[in-house]
Structures are given as structure tokens and as C-alpha cells.
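Visitor: Here is a sequence with its predicted model. Questions after.
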Amino acid sequence: MKAKIVFRDNVGSGYECLVSTSPSLAVPLRFGPVESDQYGIVRFSIEGLTPNTRYYAGLHQNGLPTSAPQCSFRTLPAGKAYSFDFMLASCANTGSTNSIFPSIVAEDPLFFIHMGDIHYRDETSTDPEDHIDNYDLALNASNQQDLYRNMPVWYMWDDHDYGPNDSDRTSPNRDASCEAFRRRVPLKDLVKSGITDEVFYKFEIGRVVFIMSDLRAERDPNNETDDENKTMMGFDQREWFKEELTKHPGKVICWMSSVPWVASSGSDTWASFQTERNIIANAIADAGVQDRFFVIAGDMHAVAVNDGTHSDYSDAQAGGFPVYQVAPLDRGNSTKGGPYTSGPFDNNNNQVGKIEITDNGGDTITVKFTGYEFTSGALSELTTHQFEAQL
């Protein structure tokens, strides 16, 4: 079993990663030495791990512990088909120390997907360092650290952590934001490599493909005329997305949209990009993946579910797919988009979702979504939805 571990420290050399099943790092496996990159990011490729096991990792330099905090993670189960669960949410106050973060850790999901607005600085600066400072307000906040250091986190920005409210490719911060993303979110899976390129990517867990769309860096302004020239994805990303729909037979596809997909109105939803939404919906229908496809979406400050009744915008009306709308980690409540078949639940501003994938190696995979609110120190169920994906 392999893993990739990333630390942030100083620019330097002689770094080692110590990995152990013990929190004290007793009898560790040692990897390295390696050098950091020019930004102080230290990467390790780890091998020889046991499947489905909790490990702890620490960073040493020249034989001594560094100040970089220790982290932990759980390895994937063995085999190509297996069951797992993950949690997901969006929208947290800048530097939040809310106790919802350690409550997510306590659920022990395999990983967490953050769907945008990790902070609300609405930064317009053209200096990448200012955007990096904003990330650090979240990454160094107590309680949030519990989450980021104890499980893999897959992240994509929305407007407030990319730039100002409802921001797009014309925002003066665009290039600085893209550079800061690469320096503070050191993913190796980004489709484009240029320092100011948009930041979309994909990853796979078991027989599920996750497509993480950047809907800001190449987005046209919301108020432009809605025609074939107007895009939220950008043309390169859209063509890549359409190709990905055809490349994964026998797998479920989860698409992350940082804004509501189901919407008939709203300036910052897909309702302002109906022509492109129709193009994407036709691509889903043409690929014939609607029976093994679901959407997770952020931005709205409430939990909601569309069971597929209202999610098909294709010309052929080939069939809808579930849309799971999640939710404010600790922002005030708001609703947008819809109609939904369950919710929106906007009575509490501490919300999170959980998705359980049940895969026994057959020709169906069960996808179960549960939305929660965090009250009185515990997660309470708001709504649930389940479907059988046909492979």
C-alpha cells in the first residue's frame, strides 16, 4: 500500500518522514532524506503500508523533529472494489475555530471534501502572498487543524476564497489566486501545470471517480449574455470534463460543482449559465452515465437533496441524477437554487454531509447521502437519500 504525505516547513534539505501505527511514532518506517521545494513544501512517497490502517507521520530534519505538526491518515482498503465513506461541506468563517471540525474527525471518514469558501476574505490583491496569508488563517486555526491533519482533504475554491463575492476570470486577483492555490494546496493531480492556470483535477477511490471543477478562474461574468460563448468552466476544462465522462466504464462518477446545479434563478448559480448547463447535460446523456452519476454542490448555506427529479437539463431528457447540496460549516443560513425533493434545511448554520459508498464488487454500487446539523455537541440527522448506481 502506498501513500503521499506533504508537510510545510522551511526551504531546506535533509528531511525525513517517520511513519508509525503509534501516535508516539514508535518503531517508525523512515522515508527520505529529501529536499523541500522553493516554497518549503516537503513531499514524500510512502510505500509498504498495511491496507485499512491508521498511521501517524512526523517530519524530521537532520535527525531532529521539526516544528511541522504531526499528522495521521487511514490507508485505503485492499483491492479495486471496496466500501468507504467520506464527509463533505463548504463555507466556513475566516479562521473559524468551530467545534464542528473535530466532530467531523470523530466520525472517522476516509477523507473530507471541502467544496469552497474555506475563508471569507474576499481578497482582491494581486500579490500571491496576501492570498497565502488568508489560507494560513484557516490552516493554522485550532479545531480546523484537527481536520486537516487527521485525514486526506480534497479542496476546491468558490468565490470568497478565490476573490471577492461572485468573482470570475476578470477579477484582478485571478493570477495571484491561482499561484497561491498551488503553493498552499500542493496537489499533484492538477490537469494544468502553469502557475496561473485554472486548478481543476480528478481523483479515484475504489470504483468511484471524483471530478473537482474550478468554476471561478475561467468563469465569465454572471451578467454577460447567456449564449454559446458564455462559460463557467472555461472551454478547456469543459472539453476535459466531457472526455472524462466517457473514460470510466464500470465506475461511478461524482462531480463537484461549487455552486448549485439545480436552479431556475440566481445570478451566481448555473441558472446564469443555462446554455453551458445544457451542453454539459447533453454530454452526460450522450455518455450514458446518468445512472452512475451524482453531483455534490456547495455555496448554498443549507443542506438539500434533489433525487434526480429536477436535475436533467438535457435535450433528450435522458434521466436525472441525484444532487446533494451541502452546506455551511459555520456561516449564517441562506437558500438558493432548487427545487429540491428534500430540504432546504436552513434552521442551523453548522451543517455537514456524509456519503457512504457500498461496493461489493458487483454491477451496482450503493450511494447513500446523509445531511447533518451540529447541535449540542453532536451531529443530528437532517435528511437521507440512497440510490443504486448501475455500472
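Guide: Received, thanks.
Visitor: what number of residues lie near the closest residue to Q351 other than its chain neighbours?
Guide: Distances taken as Cβ to Cβ, 6 or more residues apart in numbering put A327 closest to Q351, at 3.6 Å, once the chain neighbours are dropped. Every C-beta, even on glycine, is put in place using the N, C-alpha and C of the backbone. Counted with other Cβ atoms under 10 Å, the neighbours of A327 add up to 34.
Visitor: How much space separates A327 from Y56?
Guide: According to Cβ to Cβ, to the nearest Å, A327 and Y56 sit 30 Å apart.
Visitor: Going by residue numbers, what spans are helices in the stretch 51-200 of the chain?
Guide: Taking DSSP state H, counting those that start in this stretch as the test, the helices found in the stretch 51-200 of the chain are 100-107, 128-139, 144-148, 159-162, 174-184.
Visitor: out of those helices, deepest packed?
Guide: Of all these, helix 159-162 carries the top mean neighbour count, a mean of 27, counting by mean count of other Cβ atoms under 10 Å.
Visitor: What lies in contact with that one?
Guide: Applying Cβ atoms under 8 Å, 6 or more residues apart in numbering, the contact partners of helix 159-162 are 116-122, 134-135, 165-167, 171, 173, 177, 216-217, 268, 299.
Visitor: Tell me the secondary structure of I279, please.
Guide: Put simply, I279 is helix when judged by DSSP: H, G, I helix; E, B strand; the rest coil.
Visitor: Leaving out chain neighbours, which residue sits closest to it?
Guide: Nearest non-adjacent residue to I279, counting by Cβ to Cβ, 6+ apart: R238, 7.3 Å away.
Visitor: Surely E356 touches K368?
Guide: Yes. Counting by Cβ atoms under 8 Å, E356 touches K368, with 4.5 Å between them.
Visitor: For burial, what's the neighbour tally of the residue nearest to T124 when sequence neighbours are not counted?
Guide: Nearest non-adjacent residue to T124, counting by Cβ to Cβ, 6+ apart: N173, 5.1 Å away. Using other Cβ under 10 Å, N173 has 21 neighbouring residues.
Visitor: how about N173, phi and psi?
Guide: Dihedral pair for N173: phi -80, psi 0, per degrees, to the nearest 10.
Visitor: so what's the residue lying closest to E129 once chain neighbours are set aside up against?
Guide: Here the nearest residue to E129 in space, its sequence neighbours aside, is A180; by Cβ to Cβ, 6+ apart that works out to 7.9 Å. Listed by Cβ under 8 Å, 6+ apart, the contact partners of A180 are P128, E129, H131, I132, Y135.
Visitor: hmm, 7 Å instead?
Guide: Taking Cβ atoms under 7 Å, 6 or more residues apart in numbering, we find A180 in contact with P128, H131, I132, Y135.
Visitor: how close does it get to T124?
Guide: For A180, the distance to T124 (Cβ to Cβ) stands at 13 Å.
Visitor: repeat for D286
Guide: Using Cβ to Cβ, D286 is found at 40 Å from T124.
Visitor: now the strands for the stretch 151-300 of the chain?
Guide: Secondary structure of the stretch 151-300 of the chain by DSSP state E, counting those that start in this stretch: the strands cover 153-155, 201-205, 208-212, 252-257, 293-297.
Visitor: Redo those as JSON lines? Include mean pLDDT.
Guide: Output for the strands of the stretch 151-300 of the chain, formatted as JSON lines (pLDDT from 0 to 100):
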{"stretch": "strand 153-155", "mean pLDDT": "96"}
{"stretch": "strand 201-205", "mean pLDDT": "97"}
{"stretch": "strand 208-212", "mean pLDDT": "98"}
{"stretch": "strand 252-257", "mean pLDDT": "98"}
{"stretch": "strand 293-297", "mean pLDDT": "98"}
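Visitor: Now distance to N333 too, for the ones you listed, in a markdown table please.
Guide: Compiled in a markdown table, the strands of the stretch 151-300 of the chain are given as follows (distance: least, Cβ to Cβ, whole Å):
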| stretch | distance to N333 |
| --- | --- |
| strand 153-155 | 23 |
| strand 201-205 | 30 |
| strand 208-212 | 25 |
| strand 252-257 | 20 |
| strand 293-297 | 16 |
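Visitor: can I get those in TSV with distance to V42 and mean neighbour count?
Guide: Formatted as TSV, these follow (distance: least, Cβ to Cβ, whole Å; neighbours: other Cβ atoms under 10 Å):
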stretch	distance to V42	mean neighbour count
strand 153-155	17	18
strand 201-205	21	16
strand 208-212	24	21
strand 252-257	28	24
strand 293-297	31	24
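Visitor: Which among those is found nearest to R331?
Guide: R331 sits nearest to strand 293-297 of all the strands of the stretch 151-300 of the chain, at 15.4 Å, using Cβ to Cβ.
Visitor: which residues sit against that closest one?
Guide: Here strand 293-297 makes contact (Cβ under 7 Å, 6+ apart) with 88, 113, 115, 253-257, 259-261, 284, 321-326, 367.
Visitor: Setting aside sequence neighbours, what's the nearest residue to D166?
Guide: Once flanking residues are discounted, D166 sits nearest to D268: 4.9 Å by Cβ to Cβ, 6+ apart.
Visitor: The one you found: neighbouring residues, count only.
Guide: There are 21 residues near D268, going by other Cβ under 10 Å.
Visitor: where does it land on pLDDT?
Guide: The score at D268 is 95. That number is its pLDDT.
Visitor: what residues are up against it?
Guide: D268 makes contact with D166, N222, V259, according to Cβ under 7 Å, 6+ apart.
Visitor: Scan these and report the most crowded one.
Guide: For these, the largest number of neighbours (other Cβ under 10 Å) sits with V259, at 29 neighbours.
Visitor: so how many other residues sit close to the closest residue to that residue other than its chain neighbours?
Guide: Distances taken as Cβ to Cβ, 6+ apart place D299 nearest to V259, at 4.7 Å, with adjacent residues excluded. Counted by other Cβ under 10 Å, the residues lying close to D299 total 27.
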